[in-house]
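# Sequence and predicted model, in that order:
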Amino acid sequence: MAPEDLWNRYSAIWSSPSERRRTELAACLADDATYCDVNGLLAGREALSAYMAGFQDSVPGGAFEIIEVRAHHGRSLARWALRAASGEVLQLGASFAIHDEAGRLKTITGFFPLTTADVQP
């Protein structure tokens, strides 16, 4: 899967119902994937799925829009906007990942919030 397609698919998981998350996380994340952001470090798909459920509770109807993806040598950087159900941009950020041999996301690190000077949606 092309890095842009992977990041778009992965970002959609954050708004997906729990029954869909398991399948989508398996398609997008390495078996031993980790996720880290300012709130902490998570190991494994189940931990990330639970974190995503918490996101959905705290930002009802929220969705991530991938603005730009840069990739090379098994690594990628995605710049994104978190949008409210109304479409309003709530936050801008960027996520960096190292990919596994199959191209799936293995280690993901999120950085937010970024200012509009850093990322233009």
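Looks like it arrived, so ask away. Numbers count the residues shown, from 1 in each chain.
# From now on I want contacts and neighbour counts done on CA atoms only, so please keep to that.
Will do.
# Is Arg9 in contact with Cys28, as I believe?
Yes - checked against CA atoms under 8 Å, the pair Arg9 and Cys28 is within contact range at 7.5 Å.
# So if I had to pick from the two, which one is more boxed in?
Shown here are Arg9 and Cys28; by other CA atoms under 10 Å, Cys28 has more neighbours (23 against 17).
# What are the contacting residues of the helix or strand of the chain with the lowest mean pLDDT?
Every helix and strand of the chain was ranked by mean pLDDT, DSSP states H and E. The lowest is strand 105-114, at a mean of 93. Outside strand 105-114, the residues within contact range by CA atoms under 8 Å, 6 or more residues apart in numbering are 28-38, 91-100.
# Those in strands, which ones?
Those of those mapping onto strands are 29-37, 91-99, per DSSP state E.
# which of the contacts of strand 105-114 are buried?
28-31, 33-36, 91-100 (16 or more other CA atoms under 10 Å).
# Nearest residue to Ala78 in space, ignoring adjacent ones along the chain?
The shortest distance from Ala78 to any non-neighbouring residue, by CA to CA, 6 or more residues apart in numbering, is to Val69 (4.4 Å).
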